[in-house]
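> Structure of the sequence below:
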Amino acid sequence: MAEKYIIRVTAGPDYDLDQHVVVPVNSHEPVKIGSDLIDAELNVRVQNYHGLPRNSPITSPYFSLEPHATNKDQYSIAIRFTPKKPSRNSRSKASSTDPSRSSSSSRRSENPSSSGSSTPITSEDSDEELVNGISGEDLQFGNDFDHPIRDRLPPGFSYAMNIVKWWIDPGLDGDAYADQPYLYGPALSSFNAIHVGQGEINPERGGLWFEEGGDENGLKEREDLGAPVTAKDRMKWALKPSNKNRWIFQYGKTYCLDFFNPYLDFNEFSLRLPGFTLPIMKYWDGQSLRSKPKRSHTLRYVLRNRSTNDTYLVIMFTLHLKEDVNEDGSLKPAALEAIGQKRERVKEAKETSKDEDYQEARKQFEKLDVSEEVRRSKTDDDVD
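Take a look at the predicted model:
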């Protein structure tokens, strides 16, 4: 079945495919992506690549360097990004907050005289003063889908997931059986390399290149936080909530992240775990056993905020039927129609999510016993 498809990688600041650009896989030139929340550069490298754009390099010098040569890594998603402070009129005013500080702010707002000022200090103003970035608890990276896949999960899926969480990333959390399945992990423990600083763009090393650590200031920041020097120890350290909360991805500061492993083979479309190999072509994007193959399938990687649900970066690995692709690598009408249908599903999923949030808020409001508060308020008015 795999021979009928060809892969194409796109990326954008959110789920809107109209905002995505094609990523030249294995090119040393990063793709630039920007939004109100982030400025990012991206390199995607895939070993034995035979996808779009046509005539793309089959490999990258990156894979001949350590530790990737020894690991036999099959792909890499390298990101250099600078988070931006959300504006006041954005959907989320703050990307992360300290609960203890928030409660303290609320208490001050209830008692203006304690601030020593005639102007009350609101929790909103205080939060904006205290928040200067995205906490390590909130920045997440992982996969999600806009439609259910529970009926098409392969035999042995639970076993495979246990291997992934035990062997690869214990910080992963998700629900593959939900209406909108997801599998996210804290970026701080999910990325194989985190570099606090600019890193470099080196064509001889495949483009964005950096190792665990940081520049001079970045190394000092990591040391002050108690973050270990090596990637393996940092990933283990980041599993503790207290450590994740101490780490802040500061607004206006640049960070480099690299996600790589030898487990997902995009050439053979298989997941190779220790002692377990799963052909994923039949199940990619809920494909399963269909009498009529889908025109396209997607695997989506997302960089997001757990607390605010803000989306920073979306990377799409899409399989298209070869018959739907022109010789120049552009998509034929049938493929574009399939993308349009997928776009509508994403829109519907978002609207459903908004409605669910509203219904949940309404349920919580209905549980509140406001009669006592109303009675007290009326009594106070009568006394006055």
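> Where does residue 338 sit, in terms of helix or strand?
Using DSSP states H and E, residue 338 falls within helix 333-367.
> any idea of the mean pLDDT for that helix?
Helix 333-367 shows a mean pLDDT of 61.
> got the contact list for residue 249?
Residues near residue 249 by CB atoms under 8 Å, 6 or more residues apart in numbering: 83, 133-136, 139, 255. Every residue, glycine included, has its C-beta placed from N, CA and C.
> Ok, residue 6 next?
By CB under 8 Å, 6+ apart, residue 6 lies in contact with 50-52, 319-322, 325.
> Now neighbour count, secondary structure and distance to residue 220 too, for the residues you listed, in CSV please.
As requested, those are arranged in CSV below (neighbours: other CB atoms under 10 Å; DSSP: H, G, I helix; E, B strand; the rest coil; distance: CB to CB, whole Å):
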residue, neighbour count, secondary structure, distance to residue 220
50, 12, coil, 44
51, 22, coil, 42
52, 23, coil, 43
319, 25, strand, 45
320, 23, strand, 47
321, 18, strand, 52
322, 10, helix, 52
325, 20, strand, 49
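> low-confidence ranges in the protein?
Applying pLDDT under 70 to the chain picks out residues 1-2, 88-130, 149-150, 152-170, 273-294, 341-384.
> quick one, helices of it?
68-71, 99-110, 123-130, 157-163, 187-190, 216-225, 231-237, 241-246, 333-367, 371-383 (DSSP state H).
> what are the C-alpha coordinates of the first one, in CSV please?
Extracted in CSV, the C-alpha atoms of helix 68-71 (Å, rounded to 0.1, in the frame of the first residue of the first chain):
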residue,chain,number,x,y,z
HIS,A,68,22.6,10.5,15.1
ALA,A,69,24.9,8.2,13.3
THR,A,70,25.2,5.9,16.3
ASN,A,71,21.5,6.2,17.1
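> Can you tell me what sits against it?
Taking CB under 8 Å, 6+ apart as the rule, helix 68-71 contacts 62-63, 76, 260-262.
> Among those, name the buried ones.
Among the contacts of helix 68-71, the ones that count as buried by 16 or more other CB atoms under 10 Å are 62-63, 76, 260-261.
> before we move on, the earlier item: among the contacts of residue 249, name the ones in strands.
Those of these mapping onto strands are 83, 133-135, 139, 255, per DSSP state E.
> got a markdown table for the contacts of residue 249, with distance to residue 295 and neighbour count too?
Formatted as a markdown table, the contacts of residue 249 follow (distance: CB to CB, whole Å; neighbours: other CB atoms under 10 Å):
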| residue | distance to residue 295 | neighbour count |
| --- | --- | --- |
| 83 | 36 | 24 |
| 133 | 41 | 19 |
| 134 | 37 | 28 |
| 135 | 41 | 22 |
| 136 | 40 | 23 |
| 139 | 34 | 28 |
| 255 | 37 | 24 |
